[in-house]
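*Asks:* Show me the folded form of this:
(one chain, ligands or ions: 1)
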Amino acid sequence: MEERDAQAAGRIRSAATARHLGLDLGGTRLKWAVLERGADTWRQLDSGSEPTRLDGGAAGLVAQLVACAREAALRWPEIASAGIGVPGVYDGVAGTIRFTPNIPVDWAGTVVADPVAAALDAPARLINDARAFMLAELRLGAARGALNAIGLTLGTGVGGGLAIDGRLYFGHDGTAGEIGHQTIDPDGPFCHCGNRGCLEAYTRADQIALACGTPDVETAVRRAREGDQRARAGLQQVGRYLGIGIASMITVLTPDVIVLGGGVANAGDLLLNPLRDELRQRVRTTALDRVELVVAELGYWAGAIGAALYGAECTLRPAPVGEGVP
Ligand SMILES: [Zn+2]
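*Replies:* Predicted coordinates for the structure are as follows:
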């Protein structure tokens, strides 16, 4: 009887507050965040990061994720779920990696979700890192309250995510939202995905730096703000390409909000004005004044927060349709 009472008390405690771990595996750093869900609020209890260990191959990466989960569970007992953000394509049903272009480790087919779940004794799910960013901004960031939203995060690559009717949209295999890989120029430069002329081929970090004549995006934004004409022209060109891609997305999806994340979004109007000009020129079938263009709010931890939210949402209802069919 005592045992049953203790179990019932545990369930009541879990229902009132529950802790969820988010892991965000990047090519250079592994970030993590622990969130606690209250009645209708989320609180970030803890977060941290460490260099991604690439020297141990597939086994080393899995061991690092497991160790990170174990340490989080020691600090914050009763973690109820984990989400694992990965920079690439995965099989959500098997919990395995398929392809991660920015992690130079051969680990296709490696089982990642199950070892993390075993370490926590709680369910763990994979999610693409840009979709995690979108979910974080949708629930707790710049797009909160929106039903239909589009998110782009500009970094080494250009990640994207879609929310439709208040939920993240995954398509039939979990890859829906790859906004960066829509063709902008049929004869454009080759993209890492194998296509040519993708939006990413013009707007990923190294291309922004190249267009602005700077070593990196941070310097590009700083120089443009200081009035450097080449940096300004570069950002104008990047804004224009982003506008072309986003205009197509607005025409197709008529979202309430577009969220822009990544370091270049700090350029503000130097980037957003040419982008808005392009939208005005190209969006002809829906009212642009109903579409808000905003800069992401959650910054560095967005991926880890979104992964935690995704793990939590998967424990509350069945996995989204097709979110990981190979
Ligand atoms: Zn591409």
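*Asks:* gap between the nearest residue to Pro189 once chain neighbours are set aside and the ion?
*Replies:* Using CB to CB, 6 or more residues apart in numbering and skipping the chain neighbours, the partner closest in space to Pro189 is Ala201 (4.9 Å). In short, each C-beta sits where N, CA and C put it, glycine included. From Ala201 across to the ion, the span is 6 Å (CB to the ion, to the nearest Å).
*Asks:* In which helix or strand does Ala201 reside?
*Replies:* helix 200-203 (DSSP states H and E).
*Asks:* Now do the same for that helix: mean pLDDT, whole number.
*Replies:* Helix 200-203 carries an average pLDDT of 96.
*Asks:* and if you look at stretch 228-248?
*Replies:* 97.
*Asks:* now swap in stretch 301-314 and tell me
*Replies:* Stretch 301-314 shows a mean pLDDT of 96.
*Asks:* Isn't Pro104 up against Leu54?
*Replies:* Yes: Pro104 lies in contact with Leu54 (CB atoms under 8 Å); the separation is 6.3 Å.
*Asks:* Can you tell me the centre-most residue of the chain?
*Replies:* Ala130 (2.3 Å; CA atoms, centre = their mean).
*Asks:* Secondary structure element for it, which one?
*Replies:* Using DSSP H and E, Ala130 falls in helix 129-140.
*Asks:* Distance from that helix to the middle of the chain?
*Replies:* Remark: helix 129-140 is offset 6 Å from the chain centroid, using CA atoms, centre = their mean, to the nearest Å.
*Asks:* what residues does that helix touch?
*Replies:* The contact list for helix 129-140 (CB atoms under 8 Å, 6 or more residues apart in numbering) reads 22, 24-26, 42, 83, 85-87, 127, 143-144, 146, 149, 151, 153, 159-163, 166, 168, 170, 174, 177, 259, 261, 296-298, 302-307, 309-310, 313.
*Asks:* and the following helix or strand past it, C-alpha only, in PDB?
*Replies:* Per DSSP H and E, the first helix or strand lying C-terminal to helix 129-140 is strand 149-154. What follows is strand 149-154, C-alpha atoms only, in PDB (Å, rounded to 0.1, in the frame of the first residue of the first chain):
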ATOM      1  CA  ALA A 149       5.200  30.300 -39.000                       C
ATOM      2  CA  ILE A 150       8.400  29.900 -41.000                       C
ATOM      3  CA  GLY A 151      11.800  30.000 -39.500                       C
ATOM      4  CA  LEU A 152      15.200  30.300 -41.000                       C
ATOM      5  CA  THR A 153      18.500  30.100 -39.100                       C
ATOM      6  CA  LEU A 154      21.500  31.300 -41.000                       C
END
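*Asks:* Can you name the next helix or strand after strand 149-154?
*Replies:* strand 158-164.
*Asks:* what residues does that following strand touch?
*Replies:* Counting by CB under 8 Å, 6+ apart, 87, 128-131, 133-135, 138, 143, 146-153, 168-169, 176-180, 199-200, 203-204, 253 sit against strand 158-164.
*Asks:* Show me which of the contacts of helix 129-140 are buried.
*Replies:* 22, 24-26, 42, 83, 85-87, 127, 143, 146, 149, 151, 153, 159-163, 168, 170, 174, 177, 259, 261, 296, 298, 302-307, 309-310, 313 (16 or more other CB atoms under 10 Å).
*Asks:* re earlier: chain center to the helix holding Ala201: distance?
*Replies:* Between the centre of helix 200-203 and the centre of its chain there are 17 Å (CA atoms, centre = their mean).
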